[in-house]
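1. Got a sequence here, can you model it:
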Amino acid sequence: MIRSMISAAILAISAFSPPALAETKALVVAGGCFWCVESDFDHVRGVTGTTSGYAGGTMKNPTYRNHGKHREVVRIDYDGTVTDYRTLVSTFLRTMDPTDAGGQFCDRGRSYSSAIHAATDEERRIAQEEVARARKALGRDIATPVEGEATFYRAEDYHQNYYMSEVRQLTRFGLVTRARAYKSYRKACGRDARVKQLWGREAYTGVVRNGS
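-> Numbering: from 1, shown residues only. Below you'll find the predicted structure:
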């Protein structure tokens, strides 16, 4: 009787055990316009935050107007108990054109070229495996390099969450909110159309918007 009561108590305690603590990790990727990469990865399971910035160059404290040979990049923070590095690299490759060595979509030059910054030997191995898998899936050479860890410089405040900002400003699309300007830019740049043309049913794998 006493043994049964003890067993029941242990089971009851186990049922109310606290959830596993979040295991915060991060990866840094360059996929063209950092607004677009932020927008995509804010809708990926396990991602806890995104930050636009610059990396891959040699200039200290780069700015949007003067960032030397840095690329536009995004630091993606994620919960390692929910998702993993491999899954996020795989998703990343399917949200842009990894076959383009000259930039991404309408944005050209090194600033907008793609890259994966691997912080460890294990991350480099995984990233290279995912690049090889992408090459096989597309039947084309992949131009996205797997590079080592790079110093990350946070971009100016107005770039953060630009795609959802209700601040109004004069843009090439008129005096509109940044969110509206972003949507118009993304459509005009042909990003989604090209990704879907290139990747087909694999396009935006892992990205969930509007509950779909």
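
2. can we go C-alpha only for contacts and neighbour counts from here?
-> Noted.

3. Now do the helix ranked longest in the chain: distance to the chain's middle.
-> When the chain is parsed with DSSP state H, its longest helix is helix 121-138. Centroid separation for helix 121-138 versus its chain: 16 Å, with C-alpha atoms, centre = their mean, to the nearest Å.

4. Quick one: list the elements packing against that helix.
-> Packing partners of helix 121-138 (3 or more C-alpha pairs under 8 Å, 6 or more residues apart in numbering; DSSP states H and E): helix 85-93, strand 146-147.

5. so which of these comes closest to Ala193?
-> Nearest of the helices and strands packed on helix 121-138 to Ala193, taken as C-alpha to C-alpha: helix 85-93 at 15.2 Å.

6. Sticking with Val73, tell me its helix or strand.
-> strand 71-79 (DSSP states H and E).

7. Can you give me the distance of Tyr78 to Glu130?
-> Applying C-alpha to C-alpha, to the nearest Å, the value for Tyr78 to Glu130 is 18 Å.

8. Have a look at the two and say which one is more surrounded.
-> Comparing Tyr78 with Glu130 by other C-alpha atoms under 10 Å, the one with more neighbours is Tyr78, at 25 against 18.

9. which residues does the more buried one form a beta bridge with?
-> Applying DSSP bridges to Tyr78 yields these beta-bridge partners: Lys25, Val47.

10. Same question for Thr51.
-> Beta-bridge partners, per DSSP bridges, of Thr51: Arg75.

11. Am I right that it is in contact with Phe152?
-> No. At 9.9 Å, Thr51 does not count as touching Phe152 under the criterion of C-alpha atoms under 8 Å.

12. what touches both of those two?
-> Taking C-alpha atoms under 8 Å, 6 or more residues apart in numbering as the contact rule, Thr51 and Phe152 both touch Arg75.

13. what are the ranges of the helices in the chain?
-> For the chain, the helices defined by DSSP H cover 2-15, 34-41, 85-93, 121-138, 178-189, 191-199.

14. So for the fifth one, what gets flagged as buried?
-> Spelled out, that is helix 178-189. Judged by neighbour count using 16 or more other C-alpha atoms under 10 Å, the buried positions of helix 178-189 are 178-182, 185-186.

15. Report the rounded mean pLDDT for that helix.
-> Taken as a whole, helix 178-189 has an average pLDDT of 97.

16. same for that helix, what does it pack against?
-> strand 168-171.

17. what bits of the chain have low per-residue confidence?
-> The chain contains residues with pLDDT under 70 at 1-21, 210-212.

18. One more pass at 50, please.
-> Within the chain, the segments meeting pLDDT under 50 span 1-14, 16-17, 211-212.
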